[in-house]
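# I need the structure of the sequence given here:
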Amino acid sequence: MTNIFILKDQQSLRAKLLLATILILTVVHPFIGYSQNAAVKQPGGSLKLQQRLKLPPRNIVFILTDDHRYDAMGFLKAQSFIKTPNLDRLAKGGAYLPNAFVTTSLCSPSRASILTGLYAHKHKVVDNQNPVSNDLVFYPQYLRAIGYQTAMVGKWHMGGDYDKPQRGFDYWVSFKGQGSYLPEKNGLNVNGKHVTQKGYITDELTGYALDFLKNRQKNKPFMLYLSHKGVHADFIPADRDKGMFAKDSFKPPLTMEKENHQGAPMWLQNQRNSWHGVEYPYHSSLDIGEYYKRYAETLYSVDESVGRIMDYLKEQGLLESTLIVYMGDNGFQFGEHGIIDKRTAYEASMRVPMLAYCPELIKPGTVVKQVVANIDIAPTLLDAAGLKAPGYMDGKSFLSFLENKQQPWRDGLLYEYYWERNFPQTPTIHALRGSRYKYIHYTGIWDTDELYDLQNDSLESRNLIRDSAYQAIVKQMNRELFQQLKNSGGMYIPLNPDSGEQSNLRNKLGSPAAVFPSYLLK
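Numbers count the residues shown, from 1 in each chain. Coordinates of the predicted model:
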């Protein structure tokens with residue numbers, strides 16, 4: 001009898017604990033369940049969208065490059081060795097969007113945001129290793145549902161070593177992971193069949209893109225998504241472009257020298273001597289200036305590809321009416337703040353080049369100053385097709401800005417990056433990028449967050465986070481940051497199983513570990 005009563009008491013206790021847990025989750029934190037299960041598609045997975053206009057659907061070409069930093073275009077004259085005559089042609093004849101950003105500066109998360117219109121914490125593609133959820137809907141699926149022919153040509157890079165045809169595309173050409181700049185026997189997956197990559201990757205992908213355009217059904221609208229491998233590291237230019245900038249000189253950024261960044265967090269100081277730092281880049285003695293010039297030589301063939309696509313459209317009488325959007329999947333640092341590569345919330349990492357061209361819609365020389373992002377691409381392309389974007393998307397269409405029309409817009413853009421075990425130098429980051437100020441909030445570090453006045457300090461060289469004159473701004477942006485996270489279901493840290501190797505070494509002859517700031521010493 002005693003054992004039965006003990007068992008009943010234990011069951012009663014477990015029931016009470018379960019009830020208490022449910023009450024805590026629903027009363028104290030009502031957004032916890034929502035945050036990890038936010039809507040990523042329409043009810044029942046419906047692909048039917050409200051048609052905005054009765055006009056004929058517009059042809060669309062979306063060109064994505066890899067690691068193309070925001071100022072690496074010839075007309076911006078950031079470095080003497082950046083030559084991009086065809087991108088310059090797009091900007092001159094169409095629209096330049098100088099305040100274009102990504103919400104996560106990493107290949108796979110950014111690409112998923114482009115295709116879905118969602119923040120990374122919603123689509124959950126938060127690294128380059130793990131597969132994409134089958135629940136996600138890509139914007140080409142909505143276009144196909146209204147009769148578009150759709151093509152994906154190039155780098156997919158979501159789900160690790162994966163190249164199989166994906167939902168939403170009629171025509172498919174891709175490769176596993178990062179692919180190869182140079183010919184490879186089984187390098188490409190063409191509509192489900194592995195074939196030899198015969199030439200330089202940028203030329204090869206452009207050829208397949210033109211093949212789609214030439215052999216499409218002429219009575220249907222089309223959407224071409226041309227996703228280049230260039231200019232991802234390790235940069236290998238086409239043979240014809242090697243050495244073209246050998247005599248040019250690199251102008252290093254001011255903050256490449258540590259004394260030119262006031263109030264730098266300890267993690268950033270430590271990253272100087274790491275895989276992603278200027279002292280030990282990729283665990284080598286790589287010369288950053290020579291590396292940047294090789295990047296520019298690799299970019300030149302991507303620019304030529306843009307020209308080939310534009311020339312074909314012009315020959316076919318389609319250039320005036322086709323909407324062309326060009327952007328990079330994330331930025332790239334060449335010494336800014338003493339580091340290289342991406343991931344951070346600094347301008348050179350999260351800011352990207354973006355151009356749009358369509359003479360029927362866009363006046364030559366248009367400059368769109370609003371802060372736009374990768375999450376806005378899907379809604380904008382759907383808008384161009386005459387469709388209203390689904391309500392679950394985080395992004396908004398900026399098509400009206402291209403047409404020189406005004407509309408209500410965001411005050412600040414949410415940025416997020418989640419710490420990767422593979423590259424432990426960069427912590428988890430949430431940031432709010434406003435038109436003037438940028439607030440960067442870290443998870444898992446000891447010393448400091450960051451605030452920059454972008455209007456007076458475009459190089460982000462003076463951290464104002466402890467300046468008494470800016471405390472009201474810090475508090476306001478902190479509230480806004482967490483409000484945006486709550487509103488979009490981002491109040492959690494996504495986790496995935498460990499995968500891949502770690503790049504976590506330091507050069508014993510390089511800079512020592514950062515010293516704790518004086519305000520933390522008592």
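# counting neighbours, what do you get for the residue nearest to Gln42 when sequence neighbours are not counted?
The shortest distance from Gln42 to any non-neighbouring residue, by CB to CB, 6 or more residues apart in numbering, is to Pro390 (5.3 Å). (Glycine included, C-beta is placed from N, CA and C.) If you count neighbours by other CB atoms under 10 Å, Pro390 ends up with 22.
# again with the one 5 residues further on
The number of residues packed near Gly395 is 23, by other CB under 10 Å.
# same question, the one 5 residues further on
Burial of Ser400, expressed as a neighbour count using other CB under 10 Å, amounts to 15.
# can you give me the helices in this structure?
Counting by DSSP state H, the segments of the chain that form helices are 2-23, 32-35, 85-93, 107-116, 120-123, 139-145, 201-215, 266-271, 288-315, 347-350, 377-384, 399-402, 471-487.
# now the ones you listed as a markdown table including mean pLDDT and distance to Ala238?
Below are these laid out as a markdown table (pLDDT from 0 to 100; distance: least, CB to CB, whole Å):
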| stretch | mean pLDDT | distance to Ala238 |
| --- | --- | --- |
| helix 2-23 | 45 | 60 |
| helix 32-35 | 40 | 46 |
| helix 85-93 | 98 | 15 |
| helix 107-116 | 96 | 22 |
| helix 120-123 | 96 | 33 |
| helix 139-145 | 98 | 29 |
| helix 201-215 | 98 | 7 |
| helix 266-271 | 98 | 32 |
| helix 288-315 | 98 | 5 |
| helix 347-350 | 98 | 25 |
| helix 377-384 | 98 | 28 |
| helix 399-402 | 98 | 32 |
| helix 471-487 | 98 | 43 |
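# give me the helix or strand of the protein that scores worst on average pLDDT.
Lowest on mean pLDDT, DSSP states H and E among the helices and strands of the chain sits helix 32-35, with a mean of 40.
# is it true that Arg167 touches Phe138?
Yes - using CB atoms under 8 Å, Arg167 is in contact with Phe138, at 6.5 Å.
# more neighbours, the two?
Phe138 (22 against 11).
# which residues touch that one?
Shown in contact with Phe138 (CB atoms under 8 Å, 6 or more residues apart in numbering): 115-116, 166-168.
# one more time with 6 Å
The contact partners of Phe138, by CB atoms under 6 Å, 6 or more residues apart in numbering, come to 115, 168.
# from Arg436, how far off is Leu97?
According to CB to CB, to the nearest Å, Leu97 and Arg436 sit 18 Å apart.
# next one: Met327
Met327 is 23 Å from Arg436, by CB to CB.
# quick one, what contacts the residue lying closest to Gln271 once chain neighbours are set aside?
Distances taken as CB to CB, 6+ apart put Gln425 closest to Gln271, at 4.4 Å, once the chain neighbours are dropped. Counting by CB under 6 Å, 6+ apart, Gln425 touches 271, 274, 276.
# then Gly147?
Contacts of Gly147 by CB under 6 Å, 6+ apart are Lys220.
# if we use 8 Å, what do you get?
By CB under 8 Å, 6+ apart, the contact set of Gly147 is 57, 220-221.
# and Leu55, how many neighbours?
Neighbours of Leu55 (other CB under 10 Å): 9.
# quick check: it touching Gly386?
Yes - proximity of Leu55 to Gly386 meets the contact threshold set by CB under 8 Å, at 6.0 Å.
# and the pLDDT at the closest residue to Gln141 other than its chain neighbours?
Leaving aside its sequence neighbours, Gln141 sits nearest to Gly168 (CB to CB, 6+ apart; 3.9 Å). The score at Gly168 is 97. That number is its pLDDT.
# count the neighbours of Gly168 for me.
22.
# now the residue nearest to Gln271: how far from Tyr208?
Per CB to CB, Gln425 is found 37 Å from Tyr208.
# same thing with Pro183?
15 Å.
# next one: Tyr282
From Tyr282 across to Tyr208, the span is 31 Å (CB to CB).
# circling back to that earlier point, neighbour-wise, which of Leu97 and Arg436 wins?
Leu97 (27 against 12).
# find the nearest non-adjacent residue to that one, please.
Leu97's closest residue in space is Met354 (CB to CB, 6+ apart), at 4.1 Å.
# what number of residues lie near that neighbour?
25.
# so it sits right up against Gly331, yeah?
No - contact criterion CB under 8 Å: Met354 and Gly331 do not qualify, at 11.5 Å.
# residues touching the spatially most central residue of the chain, list them.
Centroid-nearest residue in the chain: Ser110, 3.1 Å away (criterion: CA atoms, centre = their mean). With contact taken as CB under 8 Å, 6+ apart, Ser110 is in contact with 102-104, 329-330, 374.
# what does Asn99 give?
Asn99 neighbours (CB under 8 Å, 6+ apart): 351, 368-372, 435.
# who wins on neighbours among those?
Val372 (28 neighbours).
# pairing partners for that one in the sheet, please.
Beta-bridge pairing of Val372 under DSSP bridges involves Ala100.
# surely it meets Val102?
No - taking contacts as CB under 8 Å, Val372 lies outside contact range of Val102: 10.5 Å.
# picking that back up, closest to Met158 among the contacts of Gln425?
His276 (21.9 Å; CB to CB).
# roughly how far apart are the closest one and Phe334?
Applying CB to CB, the value for His276 to Phe334 is 12 Å.
# mutual contacts of the two, please.
In contact with both His276 and Phe334: Ile340, using CB under 8 Å, 6+ apart.
# what's around the closest residue to Pro221 other than its chain neighbours, how many residues?
Nearest non-adjacent residue to Pro221, counting by CB to CB, 6+ apart: Pro57, 4.1 Å away. As a burial measure, Pro57 scores 19 neighbours (other CB under 10 Å).
# and Pro57, what does it touch?
146-148, 221, 385-386.
# try it again with 6 Å
Neighbouring residues of Pro57 by CB under 6 Å, 6+ apart: 221, 385-386.
# just checking, Leu226 touches Phe62?
No - using CB atoms under 6 Å, Leu226 is not in contact with Phe62, being 7.2 Å away.
# where does the stretch 401-522 of the chain have low pLDDT?
Filtered on pLDDT under 70, the stretch 401-522 of the chain yields no residues whatsoever.
# where do the strands sit along it?
412-417, 428-434, 437-443, 450-453 (DSSP state E, counting those that start in this stretch).
# mind listing what's buried in the shortest one?
It refers to strand 450-453. Using 16 or more other CB atoms under 10 Å as the test for burial, strand 450-453 gives 450-453.
# okay, those residues in CSV with distance to Ser400 next?
Formatted as CSV, these follow (distance: CB to CB, whole Å):
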residue, distance to Ser400
Glu450, 33
Leu451, 32
Tyr452, 30
Asp453, 29
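# and those, which is closest to Leu521?
Glu450 (20.1 Å).
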